[in-house]
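S.K.: Here is a sequence together with a model predicted from it:
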Amino acid sequence: MANAENAVQLTQELIRIDTSNPPGNEENAALFLEGILGAEGIRAEIYSPAPKRANILARIRGKNRGKPVIILSHTDVVPANHNEWTVDPFGGEVRDGFVYGRGAIDMKAQTICQLLAFINLSKEGIEPEQDIVFLATCDEEVGGRNGVEFMLRNVPDLKDASFVLSEGGFIVEEDGLVHAQVSVSEKKLGQFRIQARGTGGHGSIPHKDNANEKIIRASQAILSYRWPLKPTSIVSTYLNAVLKGKRGKGFTFSSLGQSLKNKRFRDFVEGNPVYNALLRNTVTLTILKGGEKVNVIPRESSAYFDARLLPTEDHDRFFEKVRRLCGSDVELVRIGGDVGRPLQSGYNTPYFRGIQNVVRAMNGPVPVLPFLTTGATDMRYFRNLGIPAYGFFPIALSNDELLRMHGTDERVSVINIKAGLEGSLEIMKFLASCKASQ
Ligand SMILES: [Zn+2]
């Protein structure tokens, strides 16, 4: 049942099911979750978009029809390189008070806490105002086509949800201030590659039509451009609270709008990778491909860029600018589709206030702030439908722990699993009390 020991053990077991995506193989995780629900007498449905891939959905009927509240998680994880880890990434080992493993933070402990909170609600016989849907999907780490996108096509009332709770926000400390980040928006994907063709030849006779040199010049032009710093309303609210009264080299923070006029403050922002990513489009060179032999000039070369746009930015305008920067020696190819619409949920809502109350009851009077997630999550599918979707799991993470997410030696403390379960139980009770406006 919903106690901390059980949550720790189930998190370990879920980590041991290797759901590295690609290829995913999330079916085993779905069957595992189905087994836990089944043992409590709760029927779940499994939806398979492809062999070995699976999504699982369970539902507690509410007093009112329609407008379900969705508790959303994903069961897949990003791959882990065994050689770089000090423990088996799929061992689920407990060491020094931490459960280690790929997915510990992103997001298997949360999946288990949400599941146990869901089961608890059902066992207590509480009839929620709206249906509460537990949904754990596959494929999030590679874009969600087989996961949330598939489920939205196959379970019609998901499109009519009143609220979605998922991942992306935690309790953290930034510039000395402990606060809760509730993710209400995320940056947009703008990934692309540039490719060049040239004339091959022998390395001993250089010429001007070298594909690698074209890629280097164009990459340099793209990377040296500084995208404008643009405070969006969420980031302004967030940074105005976090940086209040901060004194730095050559600045005293007053308000974001005011402080951004100060060159020293802009230097400070640019020196902080997180603040920098919150305030502008970012373009990161991630893959370089060109040449195979030291004495051969390659005919083709390419570079891949992971670009993330502020939610207020326009894709076409962004790519126009990139095209101008990289010039006509290379071809620009966009990767992935255009999401297009603003990906922002409002935060002046009963849902935000309810989460805030739970956080403060557990942690004292800490600020609870809206946050912009720099990565992409499945919540964008719901936000694009106009459904408010928040990312939050009530555990306190250090920067070290956050960096391990998608990195090496990812881990979650046993204490945090306990807090995560307690918080999830409270949030679930709150969500059960929410009546959707019709
Ligand atoms: Zn995730």
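M.R.: Nice, I can see it.

S.K.: Now do the contacts for the closest residue to the ion within the stretch 101-250 of the chain.
M.R.: Residue nearest to the ion within the stretch 101-250 of the chain (Cβ to the ion): residue 106, separated by 4.1 Å. Placement of C-beta: from N, CA and C, glycine included. Applying Cβ atoms under 8 Å, 6 or more residues apart in numbering to residue 106 gives the contacts 77-78, 167, 405-406, 410.

S.K.: Okay, now the unreliable bits of this protein?
M.R.: Residue ranges of the chain with pLDDT under 70: 1, 337-342, 438.

S.K.: all helices in it, in order from the N-terminus.
M.R.: Counting by DSSP state H, the chain has helices at residues 4-16, 27-39, 109-123, 150-154, 211-224, 233-242, 256-259, 263-270, 273-279, 315-326, 350-363, 379-383, 399-404, 414-432.

S.K.: Could you report the neighbour count for residue 30?
M.R.: Counted with other Cβ atoms under 10 Å, residues neighbouring residue 30 total 25.

S.K.: What of the one 4 residues further on?
M.R.: The burial metric for residue 34, expressed as a neighbour count using other Cβ under 10 Å, is 19.

S.K.: which residue sits closest to it in space, ignoring its chain neighbours?
M.R.: residue 44 (4.9 Å; Cβ to Cβ, 6 or more residues apart in numbering).

S.K.: One more: residue 427?
M.R.: residue 358 (5.3 Å).

S.K.: Hmm, residue 423 and the one you found touching each other?
M.R.: Yes: using Cβ atoms under 8 Å, residue 358 is in contact with residue 423, at 6.0 Å.

S.K.: rewinding a little: please tell me how far the residue nearest to residue 34 sits from residue 53.
M.R.: Distance of residue 44 to residue 53, given as Cβ to Cβ, to the nearest Å: 16 Å.

S.K.: Those two - which one has more neighbours?
M.R.: Neighbours of residue 44 and residue 53, each counted by other Cβ under 10 Å, are more numerous for residue 53; the result is 23 against 18.

S.K.: Could you export the contacts of residue 106 to CSV, including columns for neighbour count and distance to the ion?
M.R.: Shown next, in CSV, are those (neighbours: other Cβ atoms under 10 Å; distance: Cβ to the ion, whole Å):
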residue, neighbour count, distance to the ion
77, 29, 8
78, 18, 9
167, 25, 5
405, 19, 8
406, 16, 9
410, 27, 11
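
S.K.: What is the neighbour count of residue 286?
M.R.: 10.

S.K.: ok now do it, which residues does it touch?
M.R.: Residue 286 touches 304-306, counting by Cβ under 8 Å, 6+ apart.
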